[in-house]
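Asks: only geometry, no sequence info:
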């Protein structure tokens, strides 16, 4: 069945749900890598900072009208270097092509983008596969305790400071 994918701006009163859904989606890979952990995989305040960043636009991802995930995109209208800050698909909806279809919708919504950038924790094998092999990103940097990411506010994320940075040139 063909999925009708849409990006719908979230409403202010939906922020709490959105944050909990992101945390749930990211907890799966962290639990597989590190076992059950105390606390949040991504602290709620970090997600709020993403949603409140200058140029940030937050969307539900819907498939056939049903909410199946969400994304936070930071749109820099001056440099046209945009940042895919968060992208998640609910676990029950993964593996159905929804993530790739959502990514294509995101690209359609930001046609002036010259470079897309995103980061993902090193243990997120599904994400790494998705960005490299499905979306055409290239790994350009590996942040770790010897090469710390500038402006990386996610200091309390499970897995510490080990992240890949990806870029995708569009124009």
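Replies: Received, thanks. Note that this is a predicted model, so its numbers are computed, not measured.
Asks: show me what the worst-scoring helix or strand of the chain on mean pLDDT is packed up against.
Replies: Least confident helix or strand of the chain, by mean pLDDT, DSSP states H and E, is helix 15-34 with a mean of 82. When contacts are defined as 3 or more CB pairs under 8 Å, 6 or more residues apart in numbering; DSSP states H and E, helix 15-34 sits against helix 44-52, strand 66-74, strand 81-89, helix 125-129. (Glycine included, C-beta is placed from N, CA and C.)
Asks: go with 7 Å
Replies: Packing contacts for helix 15-34, counted by 3 or more CB pairs under 7 Å, 6 or more residues apart in numbering; DSSP states H and E, involve helix 44-52, strand 66-74, strand 81-89.
Asks: what sits against residue 127?
Replies: residue 120 (CB atoms under 7 Å, 6 or more residues apart in numbering).
Asks: got a pLDDT number for it?
Replies: In this prediction, residue 127 carries a pLDDT score of 92.
Asks: and for residue 45, the neighbour number?
Replies: 12 (other CB atoms under 10 Å).
Asks: please report the distance of it from residue 116.
Replies: Here residue 45 is placed at a distance of 25 Å from residue 116 (CB to CB, to the nearest Å).
Asks: was I right about residue 166 contacting residue 135?
Replies: No: because the distance of 8.5 Å does not satisfy CB atoms under 7 Å, residue 166 is recorded as not touching residue 135.
Asks: pick out the shakiest of the helices and strands packed on helix 15-34, pLDDT-wise.
Replies: Looking at these, the lowest mean pLDDT belongs to helix 44-52 (a mean of 92).
Asks: give me the residues contacting that helix.
Replies: With contact meaning CB under 7 Å, 6+ apart, helix 44-52 is reached by 15, 19, 22, 56, 58, 72, 85, 86, 153, 154.
Asks: quick check: buried residues in it?
Replies: Using 16 or more other CB atoms under 10 Å as the test for burial, helix 44-52 gives 46, 47, 50, 51.
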